[in-house]
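Enquirer: just coords:
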């Protein structure tokens, strides 16, 4: 009875088969197992007799793949073509196709037969494959400035569906404008695998700004992600438009230095040979762009040029200055002069630029060199002259010595603070430094000598009145001076509280009194002579004195006053 039912169901299925009913679409990956669902897994009705998978062949005829009875563990494969060893059925009745390929892109039908019904579920299978990463082939060796040139061909192989290719420069897409940018793309299929390869060629008009531009190709596919080729940089060829001459030697250039010149051109490929014009003399260098002049002098200052071998009018110019500094100083070394003499100092200089002159005396900066018309001891010292321009410096010096015979300017005395000593101070001028000789012995000798001025101090304890002599001597002569020094004991005996200065004041007072007395005597004598002369005159006339008694009385009073 069951066999009859099975045959009846099969007959009904054969009569009612319609490949186009209830079609569903699934996507599979190339090379992997394709799973074709049967009514999304809801395919086990009550009274299920069997499940059958069929497909539409390339000639649109129907082909059987397998049948699965619920009473059996294994399905019965009925396929005889390439599906024979590739098909199986899953637990949920899905059709499994191993090693999926583009040949599996067709309609598969699941037929479910039960005691009460027969259902068919058609599924269209699409097989996708991500293409290989894009590669730029047949690349141009170089691009020419302003000329439309085929840059290269971008290829993304073995994909399904075919990839879309986009050319990019510096990560920005290039658009075909039909003039400066032309992009052509083609798609080809492999006859064996039916996989598609996309090829795209780029014609590009380059400019000098594209010297560092990076060109890439990006492949876009429905399965993603986007794939980008390796970046390519192309040399841009263009003729020389500008020549540049550089002086590589550091500034300033001094006599004896080397001058290195470098000539550069902006063409690509750059020129390798140049003409150097060295102050009117042409020098050609090949396979290099550098020329060196050794041991330059001030005569090498001037205009230098460089140009292309075949284009003299395309040149560059530089002015080169060789720095120099000539200095002469008079006098130099050790200079010895007498005090009061004059000294003429002359500085002559010749330089490539304005020179800076600095004078110092004994390491102290001077505003200017002093005038030596009447030399003094204080003007002796070490004079240095520093003359400089950028990069060059010259230093000269002379040591001035001012000599003179010693002269004592002052010889003084005073008591010490404790009142027990006399301190004698002898101040003198002279050079070389004078030696001092005192006529008495003393203690605490002190001496200082600064700029021709010498100061000598001697401490003494005179037991009697003395005359002390200070004598100063050098190789040019000598000078001496005396001073009176009173005994400390006599001063204390006469007036313990009076100083030697007080005694001398007393002498001055006595002298003044004596002078006044002498002056009064002289006035009286002069008056007497006047009176006498007056009387003698009256006698000569032979007349008697005619003076009144009042006049006589007045004259007598005046005589008494005198």
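Expert: Here it is on my side, so go on. Because the structure is predicted, anything quoted here is derived from the model rather than measured. Numbering: from 1, shown residues only.
Enquirer: Isn't residue 449 up against residue 431?
Expert: No. Taking contact to mean Cβ atoms under 8 Å, the distance of 9.2 Å between residue 449 and residue 431 leaves them out of contact. The way it works is simple: take the backbone N, C-alpha and C, and place the C-beta from them, glycine included.
Enquirer: Neighbour count for the two, which is higher?
Expert: Set residue 449 next to residue 431 and count neighbours by other Cβ atoms under 10 Å: residue 431 wins out with 24 against 15.
Enquirer: Residue 402 is in contact with that one, correct?
Expert: Yes. Using Cβ under 8 Å, residue 431 makes contact with residue 402 at a distance of 5.8 Å.
Enquirer: what touches both of those two?
Expert: 339, 377, 380, 452 (Cβ atoms under 8 Å, 6 or more residues apart in numbering).
Enquirer: any idea how far the second one lies from residue 436?
Expert: Residue 377 sits 17 Å away from residue 436, going by Cβ to Cβ, to the nearest Å.
Enquirer: Which one's more surrounded, the two?
Expert: Per other Cβ under 10 Å, whichever of residue 377 and residue 436 has more neighbours is residue 436, with 21 against 17.
Enquirer: Contacts only, for the nearest residue to residue 372 once chain neighbours are set aside.
Expert: Closest residue to residue 372 apart from its sequence neighbours, by Cβ to Cβ, 6 or more residues apart in numbering: residue 343 at 3.7 Å. Residues near residue 343 by Cβ under 8 Å, 6+ apart: 331, 335, 337, 372, 375, 400.
Enquirer: Can you show me the helices along this protein?
Expert: Assigned by DSSP state H, the chain shows helices spanning 2-16, 488-494, 500-541, 549-561.
Enquirer: in its sheet, what does the strand ranked longest in the chain sit against?
Expert: Criterion DSSP state E: the longest strand present in the chain is strand 392-415. Taking DSSP bridges as the criterion, strand 392-415 pairs within the sheet with strand 333-338 (parallel), strand 381-389 (antiparallel), strand 422-431 (antiparallel).
Enquirer: And these: which comes nearest residue 357?
Expert: Among the strands paired with strand 392-415, the nearest to residue 357 by Cβ to Cβ is strand 381-389 (5.3 Å).
Enquirer: Give me the domain ranges for the chain.
Expert: 2-128, 135-237, 243-323, 404-494 (automatic domain parsing).
Enquirer: Out of those domains, the one nearest residue 385 is which?
Expert: domain 243-323 (19.5 Å).
Enquirer: What's the mean pLDDT across stretch 286-301?
Expert: The average pLDDT within stretch 286-301 is 93.
Enquirer: same check, this time on stretch 29-47
Expert: The average pLDDT for stretch 29-47 rounds to 89.
Enquirer: Find me the pLDDT at residue 465, would you?
Expert: 88.
Enquirer: Sorry, slip of the keys, the one I care about is residue 456.
Expert: 93.
Enquirer: Please tell me I have it right and it contacts residue 423.
Expert: No. Here residue 456 does not reach residue 423: they are 11.1 Å apart, not a contact under Cβ under 8 Å.
Enquirer: With neighbour numbers in mind, choose between the two.
Expert: Taking other Cβ under 10 Å, residue 456 and residue 423 do not tie; residue 456 has more neighbours (23 against 17).
Enquirer: Where does pLDDT dip in the stretch 451-562 of the chain?
Expert: 489-514, 523, 527-562 (pLDDT under 70).
Enquirer: what does the chain give?
Expert: For the chain, the ranges with pLDDT under 70 are 1-22, 444, 489-514, 523, 527-562.
Enquirer: 80 instead, please
Expert: 1-22, 41-43, 419, 443-446, 488-517, 519-562 (pLDDT under 80).
Enquirer: hang on, the earlier thing: in CSV: the domains of the chain, plus distance to residue 365.
Expert: Output for the domains of the chain, formatted as CSV (distance: least, Cβ to Cβ, whole Å):
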stretch, distance to residue 365
domain 2-128, 91
domain 135-237, 57
domain 243-323, 25
domain 404-494, 18
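Enquirer: ok so, going back, and the longest strand of the chain, how far out from the chain middle?
Expert: 50 Å (Cα atoms, centre = their mean, to the nearest Å).
Enquirer: Stretch 67-86 too?
Expert: Distance, centroid of stretch 67-86 to centroid of chain: 84 Å (Cα atoms, centre = their mean).
Enquirer: same question, stretch 49-62
Expert: 84 Å.
Enquirer: Stretch 276-293 too?
Expert: That offset, for stretch 276-293, works out to 32 Å (Cα atoms, centre = their mean).
Enquirer: What is the nearest of the contacts of residue 343 to residue 351?
Expert: The closest of the contacts of residue 343, once distances to residue 351 are taken by Cβ to Cβ, is residue 331, at 21.8 Å.
Enquirer: so who does the residue nearest to the closest one when sequence neighbours are not counted touch?
Expert: Nearest non-adjacent residue to residue 331, counting by Cβ to Cβ, 6+ apart: residue 398, 5.1 Å away. Neighbouring residues of residue 398 by Cβ under 8 Å, 6+ apart: 329, 331, 332, 333, 334, 335, 345, 383.
Enquirer: what is residue 398 paired to in the beta sheet?
Expert: residue 333, residue 383.
Enquirer: And the one 4 residues further on, by the same measure?
Expert: Listed beta-bridge partners, residue 402: residue 337 (assigned using DSSP bridges).
Enquirer: Looks like residue 254 contacts residue 323 (just checking).
Expert: Yes. Under the criterion of Cβ under 8 Å, residue 254 makes contact with residue 323 at 5.1 Å.
Enquirer: May I see the buried residues of the longest strand of the chain?
Expert: 392, 394, 396, 398, 400, 402-408, 411, 413 (16 or more other Cβ atoms under 10 Å).
Enquirer: which residue is nearest the centroid of this protein?
Expert: residue 250 (15.8 Å; Cα atoms, centre = their mean).
Enquirer: what's in contact with stretch 429-448?
Expert: Contacts for stretch 429-448 (Cβ under 8 Å, 6+ apart): 339, 377, 380, 401-407, 409, 424, 426, 428, 449, 452-460, 462, 466-476, 478-479.
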